[in-house]
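1. I would like the atomic coordinates for the input below:
(2 chains)
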Amino acid sequence: MLSKDPYNLIITGVGGQGNVLASRMLGNLMSAQGLSVTIGETFGASQRGGSVMSHLRISSEGAWSPQIPAGGADMVVALEPIEALRVLARYGNPKVKVLANSRSIYPVGVISGELAYPSLDDVKKWVAELSDRSWFIDATEAAMNLGSAIFGNVIMVGALAATKELPIHREAFGQAMEAAMGPEKAKKNLKAFDIGVEMVGG
Amino acid sequence: MSIAKHPAGERRLYMGNEAIARGALEAGVSVAAGYPGTPSSEIIETLAKAAKDADIYVEWSTNEKVAMEVAAAASFAGLRSLCIMKQNGVNVASDFLLHLAGSGTRGGMVLVPCDDPGALSSVNEGESRHFAKMVEVPLLEPADFQEAKDLTKWAFTLSEELRSLVFVRSVTRLSHASGTVVPGEIPAPRRDAKFTYNGFILDPMEGPVMSAPVTFKHGQQQEKLKRAEEIFEDSPFNTYAGPDNPELLVIATSACWLYAREALRMLNAEGKAGLLKLATTWPLPRKLVKKHLAAAGKVLVLEEVLPFTEENVKVLAQEAADEIGHKPILGKRDGHVPMTGELNPDLAADAVAKALGAQVPEVDPDYKTKAGQYAFFGAPNRDLTFCPGCPHRASFWSIHNTLAADGREGFVCGDIGCYSMAVLPSGFSTLKTLHSMGSGTGLASGFGKLGPFGLNQPVMSVCGDSTFFHAALPALVNAVHHQSDITMAVLDNSGTGMTGFQSHPGLPTDALGNEVPAIDIEAVCRSLGAEVRVTDPFDLEKTQQTLHELLETKKGVKVLILRQACALSPQRKGKKDFDMEVDAALCRGEDCGCNRLCTRIFRCPGLVWDATAGRARIDEVICAGCGVCASICPAGAIIKKPVSAQAA
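-> Numbering: from 1, shown residues only, chains lettered A, B, ... in the order given. Alright, predicted model coming up:
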């Protein structure tokens, strides 16, 4: 069921993007399939505009360290593009795969003009150079078209499913959504999931 | 479905804090109390959500000391009770803690302090473990998620066997991490609470509960610790994996056990090194530890943060030197493991590799160099900042600007909450001291008495609404009583914002969702005799005028309550009051004399500088629509349009 054990997934983004919810959603999906999941994350102060990271260790054999060793990521899901670079510097390796939302969130230092934010083309080029495979999708734009930016993370989960790196099944996702938020909202989330699948070309 | 309804035997993904909560429920806990603080808060939140199903009482107390007293009362009445707090909360509770250790408990009582190694969400990396040793009560440290549940449950049994408070210490990487847990059964709720006090004065179960006569009770306490040690010798929570005579014995506690296990695998060292997981860390089970020391070549202790277990093991090794011979014990004291910050699998692997003379496998150095360079140039740092729509940004804008206009080098003593970030440029570097809960006003009270010594700067303090009740109130009383000249700003955002909107005494709803009397901060301050004003921080002009007047004309203690709900609070989150827009024709960009005041100084994540257009721009995904930035643009280029009720 897993291409590697433990499979090390990092979800990264900016405080307030729903990193924790996304990692929990994925963790529950994997756990429901009988896999052991360990999720490490920080919240609290780091949420206030800072970089946030969730480490998911997906395994068939029980608990792992909630922190992935340096150079140990198998997949990086970045809810914000430059956060992928930050994660690769510590956890990347030539075999890592990267799925990134191309929508930028500027650090305050960039807003104030003290720091420079790179062009998306550069970010894509660097990430491609540092990974075995990479996907950039504008999940936020697609989510806004669907009615709200909050669907962005579900679109990213759909996209992750389409990479076929992890056993994420549409039916299981739909059932989990329905159990958590009722049929009406689940339908919309399933739509977002499908958009994500399409964006990666699954 | 609340956690109390999860069927026994069905595996779940639990956050460490949820596992602790479930463990308490499985122990039949009746009362749980705490004060919010990262990384501990979810324990009470989880129990509060389960309170109805489990038929238990849960509260967010005014502060940690009161929380421990509330929980102790339940124990004295024969019930099982839980108390939770973050590491420095134990400092607050410590006076009662010392006396509770002396008096002993009746119903099982467990204290769960959650420490924050590396200060991921703290302004200290204090240790609660030393308190257990200092006040002489047993200490347990779970190492994974299942154990967080099981050890919490067992801690209640231990507490009743010893009639002593028991510590179950967690850390951020356990409390806030999640893993697989199999829940057990939850017993039926208790209805037999009774406080018995008419027995003989020395009878621990029937007499009055107190720590006197002191030396007698102190002696009893030490007997309890000896009994705890005997029980710990056979505890199934202490485990060993590895060869019978390891070249290296790694002793690991708490989350460091997971790091150590991974480190041994990374180094392929499982044949040479053994791993002793100690879950009963105070008092040490001496026979067990001695046995493992005797069998090993050398020893490495992995723990966070200070060398607590390392030092205890060293004392033990010295006492047993005749039996076990000399054993080199590596750890923090010899610099083998860092003395500050949290550990991780890499630091654990470095330490093990150094001890074994092995090599840690590395990622291709060319890759590492390239990745480091791209991150350096391509991933600018993200300084912490107030959320878009945060009332604190507006409050500090007014406080900072009013003090600057005042021109007497006035300053603000900070306090603990999201607003602590005002030490940073995001809060215009307004705070000049930052210590513990309530300390801002205590320090201000002191600064305000330094006039006769020549200090003629205006003195201010800030605190949040929850902090006000927690520890700022005694400082305010002190300042009023001693006629200290200070201005205290209460940043009332209607909730304990930093930790996730827990209730506090100023709010009309408690942790269980019940309607309760809200204590009015304004009325409290007035009744103490302070000069009180209330403004909406989003009204920059009125706030600045009011503050200016207080600083200029009033003597004694002045309180300015800045009242506006947190942007993430349930009542505000996702709701915009205004649609914001930058009128590109009015914004003069770099040519304006403002020198990009809006983005360079105000620094709201929702208001960005569009370098291509040379104009400011609203990022509509991020903007929360508070409307404050419209008041700061000297050109009037930032336009706010009220969002109609219908559109919202």
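2. need the helices for chain A, in chain order.
-> For chain A, the helices identified by DSSP state H occupy A:19-32, A:81-91, A:108-111, A:120-130, A:139-146, A:152-162, A:170-200, in order along the chain.
3. helices or strands up against the third one?
-> Where contact means 3 or more CB pairs under 8 Å, 6 or more residues apart in numbering or on different chains; DSSP states H and E, helix A:108-111 is packed against strand B:607-610. Where you see a C-beta, it was placed from the backbone N, CA and C, and this is true even at glycine.
4. what about whichever helix or strand comes after the strand it packs on, average pLDDT?
-> Past strand B:607-610, further along toward the C-terminus, the next helix or strand under DSSP states H and E is strand B:615-618. For strand B:615-618, mean pLDDT is 93.
5. in the stretch 501-648 of chain B, which ranges drop under the pLDDT threshold?
-> Filtered on pLDDT under 70, the stretch 501-648 of chain B yields the residue ranges B:645-648.
6. Point out the residues in it that sit beside chain A.
-> Contacts of the stretch 501-648 of chain B with chain A, taken as CB under 8 Å from any CB of the partner chain, map to B:596, B:599-601, B:603-605, B:607-609, B:619, B:621-622.
7. What parts of the stretch 351-500 of chain B come near chain A?
-> B:362-364, B:367-368, B:370-372, B:374-387, B:418, B:421, B:425-426, B:498-499.
8. Pull out the buried members of these.
-> Of the members of those, the ones counted as buried by neighbours, 16 or more other CB atoms under 10 Å in any protein chain shown, are B:363, B:367-368, B:370-371, B:374-375, B:378-380, B:382-387, B:418, B:421, B:425-426, B:498-499.
9. Near residue B:12, how many other residues are there?
-> By other CB atoms under 10 Å in any protein chain shown, the residues close to residue B:12 number 20.
10. Likewise for residue B:327?
-> Look at residue B:327: counted by other CB under 10 Å, it has 17 neighbours.
11. Where does it fall, secondary structure wise?
-> Using DSSP H and E, residue B:327 maps to neither a helix nor a strand.
12. Touching, it and residue B:290? I think so.
-> No. With contact defined as CB atoms under 8 Å, residue B:327 does not reach residue B:290; the gap is 10.2 Å.
13. Among the residues of the stretch 351-500 of chain B next to chain A, which are located in strands?
-> Using DSSP state E, no member of these sits in strands.
14. now, which of the residues you listed lie within helices?
-> With helices identified by DSSP H, the entries of these that belong to them are B:367-368, B:370-372, B:374-378.
15. which one among those gets closest to residue B:191?
-> Within the set of these, residue B:375 lies nearest residue B:191; the separation is 59.6 Å, counting by CB to CB.
16. dump the residue contacts of the closest one.
-> For residue B:375, the contacting residues are A:85-86, A:88-89, by CB atoms under 8 Å, 6 or more residues apart in numbering or on different chains.
17. same check, this time on residue B:142
-> Residues in contact with residue B:142 (CB under 8 Å, 6+ apart) are B:16, B:148, B:150-152, B:168, B:170, B:174, B:237, B:254, B:279.
18. so where's the chain shaky on pLDDT?
-> Reading this off chain A. Residue ranges of chain A with pLDDT under 70: A:42-47, A:202.
19. other chain: chain B
-> Looking at chain B by pLDDT under 70, you get B:645-648.
20. Could you chop it up by domain?
-> Recorded structural domains for chain B (assignment: automatic domain parsing) are B:3-233, B:239-356, B:391-563, B:578-642.
21. Output these as CSV; include the columns distance to residue A:107.
-> Written out in CSV, the entries for the domains of chain B read as follows (distance: least, CB to CB, whole Å):
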stretch, distance to residue A:107
domain B:3-233, 19
domain B:239-356, 23
domain B:391-563, 11
domain B:578-642, 9
